[in-house]
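Student: Provide a 3D model corresponding to the input given below.
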Amino acid sequence: MASIPIFSPDVVAREVAAALLDAGCAVVRGVFDHTVLEQLRDELQPHVELADPEAGRAMKALYEAELNGLGYRDFYRGTPGADLLDK
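Tutor: I've put the predicted structure just below:
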């Protein structure tokens with residue numbers, strides 16, 4: 001199983017963008033202070049409680065079943081972070 005790349009807050013945008021293109025996700029630790037994290041947690045909590053953890057599996061199964069999917073196996077089909085490469 002692939003691991004999620006983790007960076008410190010002094011990482012340059014190109015490194016994060018490359019990780020997003022390669023792994024589809026990235027974590028940058030230490031960007032927000034404790035107050036901001038608490039506020040974010042409070043805002044997201046009602047949505048997390050309503051989320052269906054099986055929904056991602058169902059969507060992935062739909063993508064895998066696509067006739068023209070070309071063997072696609074990753075859930076996210078976009079190009080995350082591509083806009084960071086131009087900045």
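Student: low pLDDT regions in this structure?
Tutor: Low-confidence regions of the chain, defined by pLDDT under 70, span residues 1-2, 63, 65-87.
Student: pull the longest helix from it.
Tutor: If each helix of the chain is counted by residues according to DSSP state H, the longest one is helix 34-50.
Student: list the contacts of that helix.
Tutor: By C-beta atoms under 8 Å, 6 or more residues apart in numbering, the residues outside helix 34-50 that reach it are Phe32. Just so you know, the C-beta spots here come from the backbone N, C-alpha and C atoms, and that holds for glycine as well.
Student: and it, how far from the chain's centre?
Tutor: Between the centre of helix 34-50 and the centre of its chain there are 17 Å (C-alpha atoms, centre = their mean, to the nearest Å).
Student: same question, stretch 32-52
Tutor: For stretch 32-52, the distance between its averaged C-alpha position and the chain's averaged C-alpha position is 16 Å (C-alpha atoms, centre = their mean).
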